[in-house]
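1. Sequence below, structure please.
(one chain, ligands or ions: 1)
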Amino acid sequence: MQNSPIHPTVDFSLDGVQHGFLRLPHSRDDSAWGAIMIPITVVRHGPGPTALLTGGNHGDEYEGPVALVKLARNLKMDQVRGCVIIIPFLNYPAFVAARRTSPIDSGNLNRLFPGNPEGTVTEKIADYVQRHLLPMADYVLDLHSGGKTLDFLPFAAIHLLDDKVQQAACEAAMRAFGAPYSMKILELDSVGMLDTAAEHMGKVFVSTELGGGGTATRDSIAIADAGIRRFLIHAGVCRGRKTVPPQTTLLDMPDGACYTLCEHDGLLEMVRNLGDIVQQGELIARVYDISRTGVPEKRYHAGRDGILAARHFPGLIKSGDTLAVIASMADNPQQPQESDSLKPLAP
Ligand code: ZN
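-> Numbers count the residues shown, from 1 in each chain. The predicted structure is shown next:
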């Protein structure tokens with residue numbers, strides 16, 4: 001296959017702290033021989049495992065980028081045994097544009113793996129991760145959140161894998177991350193994901209959904225900061241005392257009933273909050289016609305018992321949007337307290 005056009009300005013084999021770029025040639029109207037400069041930090045210190053930490057896979061998700069720029073600024077060589085590769089803004093054109101997808105080619109990086117060295121800009125980034133970065137890594141942490149259109153309970157996540165030894169290693173790393181919630185996730189659409197690429201290579205892979213709405217909060221960033229530190233210590237790539245991870249609530253997304261898809265365009269009224277415990281058939285949202293008044297609202301009900309783990313964020317919703325995700329709380333030794341809002345709501 002064709003060599004990647006991406007050229008790193010860092011040397012992954014050298015000990016020390018290097019701040020540089022993945023340089024991706026991109027000839028365009030405002031820069032004839034220009035390049036896209038994707039920031040990268042490599043901290044290497046002798047032999048040991050390699051951890052790859054990525055944010056900005058989607059350009060409108062901010063906990064990963066904030067936590068990773070801080071880590072890149074602060075991580076010292078003597079804190080590392082092995083190598084930490086930090087890329088806070090992986091789909092850099094999307095990140096700069098504050099968009100989920102690239103403004104150059106509309107590429108959704110997390111749907112384009114394994115990528116293509118002769119393809120679009122976003123396909124070239126995916127190909128570089130696939131053929132150059134993932135093979136170097138033992139542990140991979142890809143930090144996501146809901147972006148502008150979704151909001152999530154803060155969770156770290158793994159997928160159900162055929163290789164149960166690998167799945168157990170991923171689960172141990174997810175628990176070490178120690179987010180308030182930990183999810184075994186069923187993807188509606190796993191083709192082309194960085195997750196799938198890393199898992200197929202046998203890597204210990206953890207992703208997250210730490211919030212959403214196109215911003216990040218003090219609390220969601222704190223979860224990312226602490227989780228990254230514990231993940232690196234768990235991987236054995238950073239010095240630090242392994243402590244008992246904070247308590248996490250285990251969630252499952254075992255089937256398609258977890259997803260409530262909207263079938264109408266309109267104005268959204270959520271009647272349950274993230275974290276609320278709901279029963280199957282219970283009202284979770286109303287959608288109002290915005291073309292006229294006096295029309296009955298459309299009602300959306302929980303497809304299963306569980307906890308409201310994600311919701312559509314903007315006030316307007318369209319047919320085909322994911323309105324809510326209800327995760328199962330089975331197998332949890334300690335269930336969270338029900339919130340006040342569990343009381344029946346007025347119709
Ligand atoms: Zn994402």
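
2. List the contacts of the residue nearest to residue 192 when sequence neighbours are not counted.
-> Spatial nearest neighbour of residue 192, chain neighbours left out: residue 111 (4.1 Å); criterion: CB to CB, 6 or more residues apart in numbering. Every residue, glycine included, has its C-beta placed from N, CA and C. By CB atoms under 8 Å, 6 or more residues apart in numbering, the contact set of residue 111 is 189, 191-193.

3. and the closest residue to residue 163 other than its chain neighbours, how far is that from residue 264?
-> Sequence neighbours aside, residue 202 is the residue nearest to residue 163 in space, at 7.4 Å (criterion: CB to CB, 6+ apart). Here the criterion is CB to CB, to the nearest Å. By it, residue 202 lies 44 Å from residue 264.

4. between these two, who's got more neighbours?
-> Neighbour count, other CB atoms under 10 Å: between residue 202 and residue 264, residue 264 has more, with 17 against 13.

5. how about the more buried one, secondary structure?
-> coil (DSSP: H, G, I helix; E, B strand; the rest coil).

6. I figured it was touching residue 298, is that so?
-> Yes - assessed by CB atoms under 8 Å, residue 264 is found in contact with residue 298 at 4.7 Å.

7. Find the residues that touch each one of the two.
-> residue 287.

8. Tell me which residues of stretch 269-284 come out buried.
-> 270-272, 274-278, 282, 284 (16 or more other CB atoms under 10 Å).

9. I'd like these as CSV, with distance to the ion and pLDDT appended.
-> CSV is the format used below for the buried residues of stretch 269-284 (distance: CB to the ion, whole Å; pLDDT from 0 to 100):
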residue, distance to the ion, pLDDT
270, 21, 98
271, 26, 98
272, 23, 98
274, 17, 98
275, 20, 97
276, 23, 98
277, 26, 97
278, 24, 97
282, 28, 97
284, 23, 98
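
10. Contacts only, for residue 83.
-> Counting by CB under 8 Å, 6+ apart, residue 83 touches 12, 42-45, 48-51, 136, 237.

11. Tell me what it is bridged to.
-> Taking DSSP bridges as the rule, residue 83 bridges to residue 44, residue 50.
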